[in-house]
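S.K.: Generate a structure from the sequence data that follows.
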Amino acid sequence: MDLDWDDLRVFLAVARGESLSAAGRTLKRDPATVGRRVSKLEEVVGAPLFARSPQGYGLTDAGARLLTHAEEAEQAVTRGAEALAGTTGGLSGQVRIGAPDGCANFILPQVCAGIAREHPEIELQIVALPRVINLSKREADLAIAVSPPTTGRLTVQKITDYKLHLAAAQDYLASKEPIRWIEDLSRHPIVGYIPDMIFDKELDYLSETGAETVTLASNSVSVQLGFLREGGGVGIAHDFALPFAPNLRKVLPEAFGLTRTFYLVRHAGDARIERMARVAEMVLVGLKAEVARLEALT
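M.R.: Numbers count the residues shown, from 1 in each chain. So this is what the prediction gives:
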């Protein structure tokens with residue numbers, strides 16, 4: 001059985017995009033052309049690779065088996081291209097990094113800017129999403145997570161712990177009765193996540209304070225910080241974000257604090273691709289150092 005690499009590229013794009021139109025956008029091809037290439041590949045392998053439905057294209061059992069081998073072929077092609085290019089010094093090419101928006105807004109820009117200064121031919125993209133980044137669909141090449149994934153052919157490395165504390169605007173605190181105990185929070189408006197949009201149990205901060213309702217809510221850490229800066233109430237803020245909001249003050253820092261962890265997640269096979277391995281290492285080292293630097297300022 002002779003498989004054409006270009007057909008496998010089309011197969012991977014459809015598997016990740018779950019539709020011909022999404023694959024067409026990725027490949028910059030007409031969806032009808034993508035559909036013909038899929039049909040051709042299915043004829044070659046002698047089995048349907050996708051289950052078509054109004055919801056899109058889902059992998060069949062045969063498609064799922066082919067996916068692993070197609071990804072291995074993709075990684076081999078990438079390694080071969082980098083070997084021919086002789087990427088032993090400066091880095092080039094595109095690397096997309098997915099991260100929760102707190103990390104993406106307050107830490108990753110400094111880290112990525114530093115990498116780009118050292119390697120001006122690299123193209124770094126940050127995908128900030130208030131949900132788990134799906135590496136299997138290649139939404140990103142690397143992902144920062146707050147919980148280590150337990151499924152998939154992935155490599156997981158701990159980056160660093162980070163701290164969070166209750167915080168509020170200085171003017172807000174000056175205008176209210178002093179908050180001496182956690183129980184006093186019941187008399188204050190609470191800023192936090194939209195409860196039914198918390199995508200990871202590690203982000204369910206307020207359950208640990210005993211607060212029952214959230215007055216000002218967002219699925220974005222940046223928006224929550226904006227609420228706090230504007231005197232909207234009391235909420236939990238990342239210590240590494242506080243230097244970006246100088247009017248905020250920690251509340252009950254000795255009595256209440258949380259520790260969470262960032263993990264670096266990537267495709268297991270990408271460890272053999274020099275560009276991915278080197279960028280992953282620089283991101284890991286850079287994030288750890290930047291979290292430590294920012295937390296030291298608070």
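
S.K.: Report the separation between R180 and G233.
M.R.: Distance of R180 to G233, computed by Cβ to Cβ, to the nearest Å: 17 Å. For glycine as for every other residue, the C-beta is placed from the backbone atoms N, C-alpha and C.

S.K.: my bad, V10
M.R.: Per Cβ to Cβ, V10 is found 51 Å from G233.

S.K.: more crowded one of these two?
M.R.: Between V10 and G233, counted using other Cβ atoms under 10 Å, the more crowded position is V10 (26 against 20).

S.K.: So for the more buried one, what's the nearest residue that isn't a sequence neighbour?
M.R.: Distances taken as Cβ to Cβ, 6 or more residues apart in numbering put R37 closest to V10, at 4.3 Å, once the chain neighbours are dropped.

S.K.: quick one: the one you found is in a helix?
M.R.: Yes. Assessed by DSSP: H, G, I helix; E, B strand; the rest coil, R37 belongs to a helix.

S.K.: what sits against it?
M.R.: D6, D7, V10 (Cβ atoms under 8 Å, 6 or more residues apart in numbering).

S.K.: which residue sits closest to the second one in space, ignoring its chain neighbours?
M.R.: This means D7. Per Cβ to Cβ, 6+ apart, closest to D7 is L41, 4.4 Å.

S.K.: Report the contact partners of that neighbour.
M.R.: Residues near L41 by Cβ under 8 Å, 6+ apart: L3, D4, D7, L8, V10, F11, L49.

S.K.: starting at the chain centroid, how far to stretch 63-73?
M.R.: 24 Å (Cα atoms, centre = their mean, to the nearest Å).

S.K.: Contacts for that stretch, please.
M.R.: Counting by Cβ under 8 Å, 6+ apart, 5, 8, 11-12, 15, 45, 48-50, 59, 153, 267, 269 sit against stretch 63-73.

S.K.: pLDDT (mean, whole number) over it?
M.R.: Average pLDDT, stretch 63-73: 84.

S.K.: As a check, name the ranges of all strands in the stretch 1-150 of the chain.
M.R.: 50-53, 56-59, 93-99, 122-128, 142-145 (DSSP state E, counting those that start in this stretch).

S.K.: Go through the ones you listed and pick out the most buried.
M.R.: Comparing those on average neighbours per residue, with mean count of other Cβ atoms under 10 Å, the densest one is strand 142-145 at a mean of 24.

S.K.: which is the next helix or strand following that strand?
M.R.: Reading on from strand 142-145 to the C-terminus, the next helix or strand found by DSSP states H and E is strand 154-169.

S.K.: Could I get the buried residue list for that next one?
M.R.: Buried residues in strand 154-169, counting neighbours by 16 or more other Cβ atoms under 10 Å, are found at L154, V156, I159, T160, Y162, L164, H165, L166, A167, A168, A169.

S.K.: Quick one: residues contacting the third one.
M.R.: Contacts for I159 (Cβ under 8 Å, 6+ apart) come out as I144, T261, F262, Y263, L264, L284, L287, K288.
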